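[1] sequence-free structure coming up:
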């Protein structure tokens, strides 16, 4: 008889998602790299295919990152999520879709392992820092710095205790 694994309660992700989005985009579903306050480009009205096209054009124009939306999802991450979640490219990149993608990233980075006590809160936080550059890397040398510190684009915008406190809200379903 196999042991049943717990699932994380998606509702319990809210404090962590709020913290991530505040650091990454000031909570703006229409943010893009270099413009967290964007109100001109309406990603929430675009299809996923249109967002991918916009990202490619933005980078071709010489911009350093393709990050878009509330959770600043880059083009390669979006491509992986499209495959992983079998997303329809005609689907809107609206608030609901962006939240669903962020939850998939939390799960990819270990939320289910965390609620099953296979990894601890610091390990989960360190995994999250590899997804979201505004989070501190938590472990190793300079634990309050971004995992991507030194790339000329990214820095941690919140501290370890904030991340660990938000992770502490995650519960099993």
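    Arrived safely. As the structure is a prediction and not an experimental result, all values here were calculated from the model.

[2] Could you list the low-pLDDT ranges of the protein?
    1-2 (pLDDT under 70).

[3] can you pull out the helices in it?
    Assignment of helices within the chain using DSSP state H yields the ranges 14-25, 48-60, 75-85, 95-108, 111-115, 121-131, 160-167.

[4] Generate TSV for these, with mean neighbour count as supplementary columns.
    C-beta coordinates here come from the backbone N, C-alpha and C atoms, glycine included. Below are the helices of the chain laid out as TSV (neighbours: other CB atoms under 10 Å):
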stretch	mean neighbour count
helix 14-25	20
helix 48-60	16
helix 75-85	15
helix 95-108	19
helix 111-115	21
helix 121-131	20
helix 160-167	18
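
[5] quick one, which of the ones you listed is nearest to residue 151?
    Of all the helices of the chain, helix 121-131 sits nearest to residue 151, with 12.9 Å by CB to CB.

[6] surely residue 122 meets residue 164?
    Yes - when contacts are counted by CB atoms under 8 Å, residue 122 is listed as touching residue 164 (7.2 Å).

[7] got any residues that touch both of the two?
    Listed as contacting both residue 122 and residue 164 by CB atoms under 8 Å, 6 or more residues apart in numbering are residue 138.

[8] ok, now which ones touch residue 113?
    Residue 113 touches 119, 124, counting by CB under 8 Å, 6+ apart.

[9] now it: how far from residue 84?
    17 Å (CB to CB, to the nearest Å).

[10] cool, and residue 42?
    Per CB to CB, residue 42 is found 26 Å from residue 84.

[11] And residue 62, by the same measure?
    Residue 62 sits 30 Å away from residue 84, going by CB to CB.

[12] again with residue 134
    With CB to CB as the criterion, residue 134 and residue 84 are 23 Å apart.

[13] cool, residue 32 as well?
    Counting by CB to CB, the gap from residue 32 to residue 84 is 23 Å.

[14] swap in residue 96?
    According to CB to CB, residue 96 stands 17 Å off from residue 84.

[15] what's the answer for residue 142, then?
    31 Å.

[16] same question, residue 167
    In this view, residue 167 and residue 84 are 22 Å apart by CB to CB.

[17] what's the answer for residue 52, then?
    15 Å.

[18] quick revisit: residue 7 is nearest to which of the helices of the chain?
    Nearest to residue 7 among the helices of the chain is helix 111-115 (6.5 Å), distances taken as CB to CB.

[19] OK, contacts around residue 114?
    8, 120, 121, 123, 124, 167, 170.

[20] Then residue 164?
    Contacts for residue 164 (CB under 8 Å, 6+ apart) come out as 121, 122, 125, 138.
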